[in-house]
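*Asks:* heads up, no residue letters with this:
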């Protein structure tokens, strides 16, 4: 399944715009930017994104990027198990 990664425009001041740009380079991901993801409290406190509907957050944008990639690898591993 293609990962769907969603970002909130209002969270970009944490550097998530750079994370989004990096992820958009991979054509295997669907990267979407919204004006709001309705997580205002979290949005004001830390970098976050949603991966297939699951909220992922971190202390920094770089850490968020690594968390997203790790979660994608985890999902791919589960998909592979389901195929076997």
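*Replies:* Received, thanks. In this text the structure is predicted, and so the values were computed from the model without any measurement.
*Asks:* Please identify the longest helix in this protein, counting by residues.
*Replies:* helix 61-83 (DSSP state H).
*Asks:* buried residues in it?
*Replies:* By neighbour count on 16 or more other CB atoms under 10 Å, the buried set for helix 61-83 is 61, 64, 65, 67, 68, 71, 72. All C-beta spots, glycine's among them, are computed from the backbone N, C-alpha and C.
*Asks:* swap in stretch 32-47?
*Replies:* 33, 37, 39, 43, 46, 47.
*Asks:* for residue 53, phi and psi?
*Replies:* Per-residue torsions, residue 53: phi 90, psi -10 (degrees, to the nearest 10).
*Asks:* Identify the residue spatially nearest to it, adjacent ones excluded.
*Replies:* Leaving aside its chain neighbours, residue 53 sits nearest to residue 4 (7.8 Å; criterion: CB to CB, 6 or more residues apart in numbering).
*Asks:* hang on, the earlier thing: nearest to residue 56, of the buried residues of stretch 32-47?
*Replies:* residue 47 (9.2 Å; CB to CB).
*Asks:* what residues are up against that closest one?
*Replies:* Residue 47 sits next to 11, 14, 15, 16, 19, 57, 58, 59, 60, 61, 63, 64 when contact means CB atoms under 8 Å, 6 or more residues apart in numbering.
*Asks:* Next, count neighbours for the fourth one.
*Replies:* Put plainly, it is residue 16. Neighbour count for residue 16, taken as other CB atoms under 10 Å: 24.
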